[in-house]
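K.L.:
make a model of this:
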Amino acid sequence: MGLIRRLRITQRAMERAMLGVSLRDQIRNEEIPRRTRVTDIAQRIAKLKWKWAGHIARRTDGRWGSKLLEWRPRTGKRSVSRPPTRWTDDIKRVAGSRWKQAAQDRGFWNSLQKTYVKQWTSIG
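P.N.:
Numbers count the residues shown, from 1 in each chain. The predicted model follows:
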């Protein structure tokens, strides 16, 4: 959540620099993307993450990408308190626990992308 917020702040600063506008000009944040027509960074990141997850799930060559997603530490324990979310946790919220099987059907996987992007960008 904090990462998305910081990325959006940085993107707005860059867009203001592109337009030659300072904060003193008091232009609303909603107006800046309208002028620059740059896509929201959070949406772009969510789309790329979703596409990459589908790509990794469809791979069958046994390279490290899919092995890394299934890797568990030797201790098998996670830290005390609320554990940090894993990379696949938010993908599982949209596609279910059998997300790798869902990714095999590209049409179905692409239809879930819009839901994922909407959910992921509404966090920040």
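K.L.:
give me the contact list for the least confident helix or strand in the chain by mean pLDDT.
P.N.:
Lowest mean confidence among the helices and strands of the chain (mean pLDDT, DSSP states H and E): helix 64-70, at a mean of 72. Helix 64-70 has contacts (Cβ atoms under 8 Å, 6 or more residues apart in numbering) with Ile56, Ala57, Arg59, Trp87, Thr88. For the C-beta atoms, the positions are set from N, CA and C on the backbone; glycine is no exception.
K.L.:
just stretch 12-19 next, same as before
P.N.:
For stretch 12-19, using Cβ under 8 Å, 6+ apart, the contacting residues are Ser22, Leu23, Ile27, Asn29, Ile32, Pro33, Arg35, Thr36, Val38.
K.L.:
out of those residues, which end up buried?
P.N.:
Taking 16 or more other Cβ atoms under 10 Å as the criterion, what is buried in those is Ile32.
K.L.:
re earlier: ok, the contacts of helix 64-70 vs Lys114, which is closest?
P.N.:
Closest approach to Lys114 among these (Cβ to Cβ): Ala57, at 18.1 Å.
K.L.:
tell me the domain ranges of this structure?
P.N.:
1-38, 39-71+85-124 (automatic domain parsing).
K.L.:
dump those to a markdown table, plus distance to Ser79.
P.N.:
Output for those, formatted as a markdown table (distance: least, Cβ to Cβ, whole Å):
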| stretch | distance to Ser79 |
| --- | --- |
| domain 1-38 | 18 |
| domain 39-71+85-124 | 12 |
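K.L.:
quick one: secondary structure of Gly62?
P.N.:
Reducing the assignment at Gly62 to three states with DSSP: H, G, I helix; E, B strand; the rest coil gives coil.
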